[in-house]
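Participant: Sequence plus predicted model, see below.
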Amino acid sequence: MTDAAVRGGLVRRLPYLLPLALFIALAGYFWIGLGKDPHAVPSPLIDKPVSEFILAPLEGRDRGFTSADLIGQVSLVNVFGSWCVACRIEHPFLVTLKREGVVPVFGIDWREKDRQAGPRWLAEHGDPYTLVGDDPESRAAIAFGVTGAPETFVVDARGIIRYKHVGPVTADVWEDTLGPIVRRLQAEK
Amino acid sequence: MSVEFGHFALILALCVACVQGSLPMVGAARGNAAWMALADHAALAQFLLVAIAFGCLMHAYVVSDFSVLNVAANSHSAKPMLYKVAGTWGNHEGSMLLWVLILVIFGGAVAAFGRNLPPGLRARALAVQAWIAVGFYLFILLTSNPFQRLDPPPVDGRGLNPLLQDPGLAFHPPFLYLGYVGFSMAFSFAVAALIEGRVDASWARWVRPWTLAAWTFLTCGIALGSWWAYYELGWGGWWFWDPVENASLLPWLSGTALLHSAIVVEKRDALKGWTVFLAIVTFSLSLLGTFLVRSGVLTSVHAFAVDPERGVFILALLVIVIGGSLALFAWRGPQLPAGGLFRPVSREGALLLNNLLLSTAAAAVLLGTLYPLLLEATTGAKVSVGPPFFNAVFLPIMAPLVVAMAVGPLLPWKRGDLGAALGRLWLAGIAAIAAVALGWLAYDGRSVTGLLGLGLAAWLFAGTLIELFRRIMPTGGLADAGAAKGVLRRAAGLPRAAWGMTLAHAGLAVAIAGMTASAVWKEERIQVMRPSDEVRIAGYTVALSAVEQVPGPNYDALRGLFAVGRPGQPPFTTLAAEKRFYSVENQDTTEAAIRSTVWGDLYAVIGEPQADGRYVTRLYFEPLVPWIWSGVGLMVLGGLVSLSDRRHRVGAPARQRASAAVASGAAAE
């Protein structure tokens, strides 16, 4: 084959190769980008102090939950609601956490339409919370930047939000992410 | 029917698909007829199995079986039956199942009705389909299992997002998927043709109806989604250049290009490599659309972080399907024999121009949609590319396309005369000028874009009619009764495909007029009103006459009644806009009240009550919006009419079958 023929073949092949080359470049770009920082900051409120809030107690209880309660120890803040199906999945594990006394869990009972619903739900499924606040108007939920339930936040002893977990807290989630963070923060103190 | 039965059927379908993906492919390579024929039986078996799986899930929704996690998370016992059924696909897992269901319906259709296809091509195409199905079965079974149980079962479900509880959106995903998945047929035929090493007229004749069907469904699906956004979101707009919308527009643009380039392959045996490439690209964009919408990747890369298992699977699947087919194209594409030659000014040339413009438009939209994502993936910076970008790049590409659309059909194949074609369009030129003048008089804002849009719409509409009349008018004019009869005879004798083109092109013209006017000359009034307050908009007086509380089947609504009239006259109609609260899902929706006339929609929205007993209200006048929906309706009708063309119909005439048999003999060697 002469040089000209080789060049001719290449010129003929080039348009067919171009799409593949472009696609590989694009896919590679995504792959590197995703591999670089898969756990990028999921909320702008991370590493910021919790804004102040005061939540009323649930019906039939005398203490609510305020931002001041978070100072002095590492704690979990869990957003739930009796209307939230996925909250049922994590609930037994939260009860276990409470029984083992690993870390205090504070509850935000979010957007209950009926004031009876939250207490009734806790009476039925068990109460894993150190303190629970009633948040029908999303006051605390806004302070934490909650987008849905369930969500769980790790707050350090100075009242700074250190981590946000979206979705149910299961044993796996605890082992892989939340547990190590909580232990590290508890050691910091 | 228990969901475990459905789960089992789906696993079985995976096994069948593995067989269908391998043995017929080997059979086609070795010329083993029995192995090739296996593809048909396997395709029908897959159809049956996935139908069972889907039926089981739907049954769980209908009877509200909350022990199924998917049902508990997405349904509620107090929901109307329509939305219980639609809830089956109103979530990620269920929609993936719907996707494969449609895939196997198409596969089953090829197996059942594709008897006149060359057996080698049919076996290979079905094998490629099976591999796509394998990818999706694995995705569903490993990462998105809709059949997972929940123990203990909750008393009631979480409900379906109220925004989705709407007839427009209940049927939007199935149509969209019929479009997306329909393009998989063109893809499978393209890959099969690359493996076989032959792309010819009979191949194009087979690809065209599938592409046309997919295009028709996709057009309908996009319109349903847009219509839903228009009346349900309460923002008074019908297109927002939202990533989710762009994801459906992309395959539509390249699919439209494919539709036209396949004509060139069939009639003139040219543009073969390009058509195969478009088939690959269109389905790739469909896949992108399916996943990016569902996984939420387009709004943020974090969807991958939240759910890395699914994210990596999706990325891997995209890389294998798109990368694999493009690699095959790079390898086998250059070996496709070159086709017929043509001059730039010819029907082929016009269709090529159409393809170039549509592809450029698709590339621009793709860039605008992916760029924020790319930037975020690499630098973490968040940017948003909004309507200004898309309008600035999309409209200048579309304008020449519309100009050329009126000219192209008037050009003959191979070599045309541009001057002569333009000469025949003098009436369209006058129509365009008349439309600009009318727009100038009718609307206050002197928008150049708006007037240009109206002019283009009139040009295309008139040009399309001129092309039709040239086909059916006698050369001597309508002198006597016999000539009139001849017109009717010729009109009846026109191929359905020609009528389809006329309808679709005219429909686009009507839709362009609507899109232009509503985008440019929309009027908007936002205010706080107390009952009996009055607002003037677009020559109407709109008074808030009463606000009342009404219960719905699974929501409570705040209903605002607006009395509409002309200034100085008693009101002639009442608009009832609602704000609905869905207690199960804890969410509000807006139900706009719309009064449609030929010249536009009066659109009213009632908002939050204020402390002093007043209400935020928004009123819009949207000029020519009904033209958008009727224009798209004409396009869909055009697609359907064209599909009914004898030449497209599955089970083509014997003459074609004979040539197909010859081709298959050559393929089987």
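Facilitator: That came through, no problem.
Participant: who touches the spatially most central residue of chain A in this structure?
Facilitator: By CA atoms, centre = their mean, the mean C-alpha position of chain A lies nearest to A:His165, the distance being 1.5 Å. Applying CB atoms under 8 Å, 6 or more residues apart in numbering or on different chains to A:His165 gives the contacts A:151-154, A:173, A:177-178. (Each C-beta comes from the backbone N, C-alpha and C, glycine too.)
Participant: Next: B:Gly368.
Facilitator: Contacts here follow CB under 8 Å, 6+ apart; on that basis B:Gly368 touches B:241, B:246, B:385, B:389-390, B:393.
Participant: Only the buried subset of the contacts of A:His165, as a ChimeraX command please.
Facilitator: Under the burial definition 16 or more other CB atoms under 10 Å in any protein chain shown, those of the contacts of A:His165 that qualify are selected in ChimeraX by:
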select /A:151,152,153,154,173,178
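Participant: ranges for the strands of chain A?
Facilitator: Secondary structure of chain A, counting by DSSP state E: strands at A:54-55, A:65-66, A:75-80, A:105-110, A:131-135, A:151-155, A:161-166.
Participant: Also chain B?
Facilitator: Listed in chain order, the strands of chain B (DSSP E) span B:523-529, B:534-537, B:540-551, B:556-565, B:573-582, B:587-591, B:593-597, B:600-609, B:615-623.
Participant: about what we covered before: tell me the spacing between the residue nearest to the centre of chain A and A:Glu151.
Facilitator: Relative to A:Glu151, A:His165 is positioned 7 Å away (criterion: CB to CB, to the nearest Å).
Participant: my guess is B:Leu438 meets B:Leu454, correct?
Facilitator: Yes. With contact taken as CB atoms under 8 Å, B:Leu438 and B:Leu454 are classed as touching, separated by 7.4 Å.
Participant: okay, those two: which has more neighbours?
Facilitator: Residue environment comparison for B:Leu438 versus B:Leu454 gives the larger neighbour count to B:Leu454, 27 against 14, counting by other CB atoms under 10 Å in any protein chain shown.
Participant: Test my guess that that one contacts B:Leu441.
Facilitator: No. Counting by CB under 8 Å, B:Leu454 stays clear of B:Leu441, with 11.3 Å between them.
Participant: Please read off the pLDDT at B:Met1 from the model.
Facilitator: Per-residue confidence at B:Met1 stands at 56 (pLDDT).
Participant: Oops, could you answer that again for B:Ile320 instead?
Facilitator: B:Ile320 is assigned a predicted lDDT (pLDDT) of 93.
Participant: Contacts only, for it.
Facilitator: With contacts defined as CB under 8 Å, 6+ apart, the neighbours of B:Ile320 are B:Gly135.
Participant: so how far is B:Val26 from it?
Facilitator: Using CB to CB, B:Ile320 is found at 20 Å from B:Val26.
Participant: quick one: contacts for A:Ala187?
Facilitator: With contacts defined as CB under 8 Å, 6+ apart, A:Ala187 has no neighbours.
Participant: And the pLDDT at it?
Facilitator: Taking A:Ala187 on its own, its pLDDT is 86.
Participant: Okay, domains of chain A per the record?
Facilitator: Chain A resolves into domains spanning A:1-38, A:54-188 when parsed by automatic domain parsing.
Participant: most tightly surrounded among the ones you listed?
Facilitator: With neighbours defined as mean count of other CB atoms under 10 Å in any protein chain shown, these peak in mean count at domain A:54-188, which reaches a mean of 18.
Participant: Quick check: residues of the stretch 451-600 of chain B near chain A?
Facilitator: Among all residues of the stretch 451-600 of chain B, those adjacent to chain A (criterion: CB under 8 Å from any CB of the partner chain) are B:583-586.
Participant: Try it again at 10 Å.
Facilitator: The interface of the stretch 451-600 of chain B toward chain A, taken as CB under 10 Å from any CB of the partner chain, is made up of B:581, B:583-587.
Participant: will you turn these into TSV that also has pLDDT, neighbour count and distance to A:Ala117?
Facilitator: Output for these, formatted as TSV (pLDDT from 0 to 100; neighbours: other CB atoms under 10 Å in any protein chain shown; distance: CB to CB, whole Å):
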residue	pLDDT	neighbour count	distance to A:Ala117
B:Phe581	86	16	16
B:Ser583	78	14	11
B:Val584	75	20	12
B:Glu585	73	20	15
B:Asn586	75	18	11
B:Gln587	78	15	17
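Participant: Same list (these) but as TSV, adding distance to B:Ile526.
Facilitator: Supplementary listing: these in TSV, determined by distance: CB to CB, whole Å:
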residue	distance to B:Ile526
B:Phe581	22
B:Ser583	28
B:Val584	30
B:Glu585	27
B:Asn586	26
B:Gln587	23
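Participant: Contacts only, for whichever residue of the stretch 551-669 of chain B sits closest to chain A.
Facilitator: Using CB to the nearest CB, the single residue of the stretch 551-669 of chain B nearest to chain A is B:Asn586, 5.0 Å away. Applying CB atoms under 10 Å, 6 or more residues apart in numbering or on different chains, one finds that B:Asn586 lies in contact with A:81, A:83-84, A:110-113, A:149, B:158-159, B:162.
Participant: In stretch B:317-335, which residues are buried?
Facilitator: Along stretch B:317-335, the positions that meet the burial threshold by neighbour count (16+ other CB under 10 Å) are B:317-319, B:321-322, B:325-326, B:328-330, B:332-334.
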